[in-house]
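Visitor: Prediction below, plus the sequence it came from.
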Amino acid sequence: MAKASAEGGATQYLAEGQEVPDDLPDGVRLVGPGAPAEDVPEPDEPAEPEAEAEAGPEPPAPASSPAFPGPDDEDGPPDYGSYPVTVLRDLARERGVSYGGLVKADLAAALAQWDTEHPEGD
């Protein structure tokens, strides 16, 4: 069954392994896992591989740089509520804060409490 769309025209869904129907009208685009790969036009000039080789791959980020700022990295207290739970757990583990069974909000509050009790981060 072909469907029409104002933006993309008519489409026909093909399941994986399904054969392409012979009676498709012109302009019907095949979609789905069974659709043959669309022909992508080749660019007129290939990109210069030398420029890419000179630049090389991007170096990985150092493991020691945190994805989120620590207490000393900003002027005010950190907004632990915006941190992912995995980062909060890592911070709690580093500081010796018990985090088992805590939900994100409670874990963020426990870290904030630790920060107030240990202003110099010791």
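Guide: Everything's here; your move.
Visitor: for this protein, what spans make up the strands?
Guide: 2-5, 9-13, 29-31 (DSSP state E).
Visitor: From the contact counts, what lies against the shortest one?
Guide: Yep, that's strand 29-31 we're talking about. When contacts are defined as 3 or more C-beta pairs under 8 Å, 6 or more residues apart in numbering; DSSP states H and E, strand 29-31 packs onto strand 9-13. Every residue, glycine included, has its C-beta placed from N, CA and C.
Visitor: partners of the strand it packs on in the sheet?
Guide: Looking at strand 9-13 with DSSP bridges, its partner strands are strand 2-5 (antiparallel), strand 29-31 (parallel).
Visitor: buried residues in it?
Guide: With burial defined by 16 or more other C-beta atoms under 10 Å, the residues of strand 9-13 counted as buried are 11, 12.
Visitor: Repeat that for stretch 31-39.
Guide: In stretch 31-39, counting by 16+ other C-beta under 10 Å, buried: residue 35.
Visitor: can you list the residues that contact it?
Guide: If you take C-beta atoms under 8 Å, 6 or more residues apart in numbering as the criterion, stretch 31-39 is touched by 11, 12, 13, 14, 15, 16, 17, 18, 20, 30.
Visitor: Also stretch 97-116?
Guide: For stretch 97-116, using C-beta under 8 Å, 6+ apart, the contacting residues are 71, 77-78, 80-81, 83, 85, 88-89, 91-93, 95, 121.
Visitor: So which bits of that stretch are buried?
Guide: In stretch 97-116, counting by 16+ other C-beta under 10 Å, buried: 97, 99, 102, 107, 108, 110, 111, 112, 114, 115.
Visitor: May I see these arranged in CSV, with distance to residue 26 as well?
Guide: Conversion of the buried residues of stretch 97-116 to CSV gives the following (distance: C-beta to C-beta, whole Å):
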residue, distance to residue 26
97, 67
99, 62
102, 62
107, 60
108, 59
110, 65
111, 63
112, 65
114, 68
115, 67
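Visitor: Which pair in these has the greatest spatial separation?
Guide: Distance extremes for the buried residues of stretch 97-116: the farthest pair is 102 and 115 at 15.9 Å, using C-beta to C-beta.
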